[in-house]
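*Asks:* Only the shape, not the letters, is given here:
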């Protein structure tokens, strides 16, 4: 079945450092790919998404490119801030289920950014 | 409401008891999902409603778990004879129906079975 594997955390960085969180997937169909973020004490929020190969999703300085050849969707940010401290989840949704857009999730990667 | 609302935010129950968890989706959202998130894990799909009907309940772990959405809006997840292994955060999400729609999540109900 479909699955998502993402880099284990926790990740600790200094402010303004470069961030990469790796995510790879396995899917039988043509999935859409997502990064969700969960800030402390808050619910899951969509950070960015890409719906087809070579699409780049971007938001709040974060980017991820849908790479079908490597089945990857790595999250990057050029300069992290303390406010980026959160748990990041990679997820996929396979469109072969008709209107069912259930998400298959990675385990999450905790990011702590120190001033 | 402005977002997906889940109540209660926390629930502590004794092993063997029955619990109900409520989800109020965003008005007009026809699709509703329940997920379960155990500590240190990503969310795990439980059930998907399209309108009033459960279109996919393949994620429900066993017959102690049941969910309803009688009027196509509010949904209730019901757990009978709770076990300690049911302790988790139960998440609800809603969305419009379509290919590129975004799912909006509630803050979850933290269930602790003691």
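*Replies:* Thanks, I have the structure now. Predicted model, so just to flag it, every value in this text is computed and none were measured.
*Asks:* what about the residue nearest in space to the middle of chain B, which SS state?
*Replies:* What sits nearest the mean C-alpha location of chain B, by Cα atoms, centre = their mean, is residue B:34, with 3.4 Å. What DSSP: H, G, I helix; E, B strand; the rest coil gives for residue B:34 is strand.
*Asks:* just checking, it touches residue B:91?
*Replies:* Yes: between residue B:34 and residue B:91 there is a contact under Cβ atoms under 8 Å: 7.2 Å. Backbone N, C-alpha and C define where each C-beta goes, glycine included.
*Asks:* So for residue 40, what's the pLDDT?
*Replies:* Reading this off chain A. pLDDT for residue A:40: 89.
*Asks:* Switch to chain B, please.
*Replies:* Reported pLDDT for residue B:40: 85.
*Asks:* What of residue A:96?
*Replies:* 63.
*Asks:* sorry, back to before: which one is the residue nearest to the centre of chain B nearest to, not counting chain neighbours?
*Replies:* In space, and not counting its chain neighbours, residue B:34 is closest to residue B:46: 4.2 Å by Cβ to Cβ, 6 or more residues apart in numbering or on different chains.
*Asks:* Could you pull up the contacting residues of that neighbour?
*Replies:* B:33-36, B:57, B:59-61, B:65, B:67, B:77, B:90 (Cβ atoms under 8 Å, 6 or more residues apart in numbering or on different chains).
*Asks:* Near chain A, which residues of chain B are found?
*Replies:* By the rule Cβ under 8 Å from any Cβ of the partner chain, the part of chain B lying against chain A is B:4, B:31, B:33, B:35, B:40-45, B:48, B:50, B:55-56, B:59, B:91, B:93, B:95, B:97-103, B:105-108.
*Asks:* how about 10 Å then?
*Replies:* Contact residues (Cβ under 10 Å from any Cβ of the partner chain) of chain B with chain A: B:3-4, B:6, B:30-31, B:33-35, B:37, B:40-48, B:50, B:55-56, B:58-59, B:89, B:91-93, B:95, B:97-108.
*Asks:* does whatever residue of chain A ends up closest to chain B have beta-bridge partners, and which?
*Replies:* For chain A, the residue closest to chain B is residue A:105, as judged by Cβ to the nearest Cβ, at 3.2 Å. Note on residue A:105: beta-bridge partners by DSSP bridges are residue A:91.
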